[in-house]
Structure formats: structure tokens, C-alpha cells
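**Student:** Turn this into a structure:
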Amino acid sequence: MSAAFRKALKSRQKDHKERSQPGFRKNLGLLEKKKDYKLRADDFHKKKRTLNALRKKALEKNPDEFYFKMTSTKLRDGVHVIKQNPDEITDEQLKIMRTQDLKYVEMKRVAEAKKIERLKSELHLLDVEGKPKNTHTFFCDTKKEVRNFDLAKRLNTAPELVDRVYNRPSLETLHKQTIKGPTQSKILKTLAKQRRNQYEILNQRIERERKMFVISQKIQARKDLMEKREKVKVKKETVNSAAIYKFKKQRKR
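**Tutor:** Numbering: from 1, shown residues only. Next comes the predicted model:
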């Protein structure tokens, strides 16, 4: 039989097709073909080999064996989980440390420090909670004068304004610049609200500057660790502070 005739004969052959599920067995689903059986058989044998290997490992296990990784793992729901120390570094700090350079972090920290100083100079921190109160000593000549001492009269201001530590005008100023009724209270409330907002911004900038300082310390500590020198760990790394290492003194060539 020539090659040309064999090729022509093969081209006219029909594809072999496996039969489908008979009509009276439609309720049982698709009819399993050989390829489906092959996948199911391979999966069954794979699981069987795994179970045999685990059974053999359990039989041959030494009850006194010890691995150092046992000290850093714990069993949770039957699964070994590596213990994490969440107090060393936060996700935000890790992200900035991996993406930014030390010079960039230090530049942002200095910029925040300058903004903090400017806000402090504008606000004067007169009515901040927790700030120690200033003392003002008045001297009297007689005991009678001490008993009849009137602080508002001595400061030449209204009795309602004695407790204020800032913007305490005298009686002459109040007589010259009089603002009537509800307008005055409205203006005072607006100014107080603006002042509170400024203090909140100041607190946020102080916290941001502190975080940037901690991040710069951690980046610098990691750079120092890249040098091949003998070191001793003095203090562990925490969220609010970098790790402290003591390096062996070595003379540079």
C-alpha cells in the first residue's frame, strides 16, 4: 500500500466518538469517560501515597526530637503557625522604610518640625490642657488690704474676664470698643472654634514628626547593620523606638 493511498484513506475516516449517557439514565448525570476516570484515579492514588507517607512518618517519629523552630511556632487549630511579634514595627512604618530613602524621611521630618514651630509661635500655647499655670504675686501693705483684695479691680478689667489667660482687655478698652449682645458672643465662639482647630492641627503635626523620627532611626539602624562588624543587641525594636546595637570599636584603615 503506497503512502499516498494510506494518507487519503486516513483523511476519509470518521472520528471515533464515545457514546453519551442513555436516555433512561439522564437523571444520573453525565456518563463518565475514560479521561474522567483517569483524573479520578490519579487523584485517588496521590491521596493514598500521601496517607501512606504520613502514616510511615508517624510510626518512625522520635518522641524526644527537638527543633529550634519549635520555640517560634505554636499550634492553632491543628496547624503550626509562626509566632509574630507585632510590637516591633507597624505596616505603615515598613511600607515607608522599603519605599523611601533616609534623606527623604529626614527632609519630611524637618519640614514638619518647622511647621510645628510656626504654629507654636502663632498660638503661644496659652490655654493648652496640662500646661502648668503661671503665678502672679501681688503685694499689699496691710492685712486689711489683703482681706478686701479685689483681683478685677487690681487688674483693671471686668470680673468675667479675670480667669482668661489671654485677650484680657482693660475697662478703658471695653468702653472704647463696645460690641453689643449676641454679636459679641458669636464672634467669641467663632474665634474659639478656630483656635481649637489650630491646636488639633498642631497635635497631628507633632505626632507625624515623631513617627518620621522613629522611621529615620530604624532606617539608620538597618544601614549600620549592613556593615560586617561584631555587634551586640542592647535593646529590641518597638513601634516607638529603633533597636539599639553596641558595635565593637574598630580602627578604620
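**Student:** can you give me the strands for the stretch 1-150 of the chain?
**Tutor:** 73-76, 79-82 (DSSP state E, counting those that start in this stretch).
**Student:** need these in TSV with mean pLDDT, distance to residue 171 and mean neighbour count, can you?
**Tutor:** (C-beta placed from N, C-alpha, C; glycine too.) TSV is the format used below for these (pLDDT from 0 to 100; distance: least, Cβ to Cβ, whole Å; neighbours: other Cβ atoms under 10 Å):
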stretch	mean pLDDT	distance to residue 171	mean neighbour count
strand 73-76	84	73	10
strand 79-82	82	73	9
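**Student:** So which of those strands is nearest residue 56?
**Tutor:** The closest of the strands of the stretch 1-150 of the chain to residue 56 is strand 79-82. By Cβ to Cβ, the value is 19.9 Å.
**Student:** Show me what that closest one is packed up against.
**Tutor:** strand 73-76 (3 or more Cβ pairs under 8 Å, 6 or more residues apart in numbering; DSSP states H and E).
**Student:** Quick one: distance of the strand it packs on to the chain centre.
**Tutor:** Relative to the mean C-alpha coordinate of its chain, strand 73-76 is positioned 25 Å out (Cα atoms, centre = their mean, to the nearest Å).
**Student:** by contact count, what packs against it?
**Tutor:** Judged by 3+ Cβ pairs under 8 Å, 6+ apart, strand 73-76 is in contact with strand 79-82.
**Student:** hang on, residue 212 in a strand?
**Tutor:** No. With DSSP: H, G, I helix; E, B strand; the rest coil as the criterion, residue 212 is helix rather than part of a strand.
**Student:** which residues sit in contact with the closest residue in space to it that isn't next to it in sequence?
**Tutor:** The shortest distance from residue 212 to any non-neighbouring residue, by Cβ to Cβ, 6 or more residues apart in numbering, is to residue 109 (3.9 Å). By Cβ atoms under 8 Å, 6 or more residues apart in numbering, the residues touching residue 109 are 209, 212-213, 216.
**Student:** in this structure, which spans are helices?
**Tutor:** Using DSSP state H, the helices found in the chain span residues 3-11, 34-59, 91-99, 102-123, 143-147, 151-155, 171-176, 181-225.
**Student:** Switch those helices over to JSON lines; also include distance to residue 71 and mean pLDDT.
**Tutor:** Converted to JSON lines, the helices of the chain look like this (distance: least, Cβ to Cβ, whole Å; pLDDT from 0 to 100):
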{"stretch": "helix 3-11", "distance to residue 71": "68", "mean pLDDT": "73"}
{"stretch": "helix 34-59", "distance to residue 71": "22", "mean pLDDT": "95"}
{"stretch": "helix 91-99", "distance to residue 71": "24", "mean pLDDT": "68"}
{"stretch": "helix 102-123", "distance to residue 71": "34", "mean pLDDT": "84"}
{"stretch": "helix 143-147", "distance to residue 71": "72", "mean pLDDT": "84"}
{"stretch": "helix 151-155", "distance to residue 71": "68", "mean pLDDT": "78"}
{"stretch": "helix 171-176", "distance to residue 71": "73", "mean pLDDT": "71"}
{"stretch": "helix 181-225", "distance to residue 71": "23", "mean pLDDT": "80"}
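**Student:** Between those, which one is closest to residue 79.
**Tutor:** Shortest distance between residue 79 and the helices of the chain, using Cβ to Cβ, is found for helix 34-59: 14.7 Å.
**Student:** Relative to the whole chain's centre, how far out is that closest one?
**Tutor:** How far helix 34-59 lies from its chain's middle: 45 Å, per Cα atoms, centre = their mean.
**Student:** just stretch 144-155 next, same as before
**Tutor:** Centroid separation for stretch 144-155 versus its chain: 55 Å, with Cα atoms, centre = their mean.
**Student:** And stretch 237-253, by the same measure?
**Tutor:** 24 Å.
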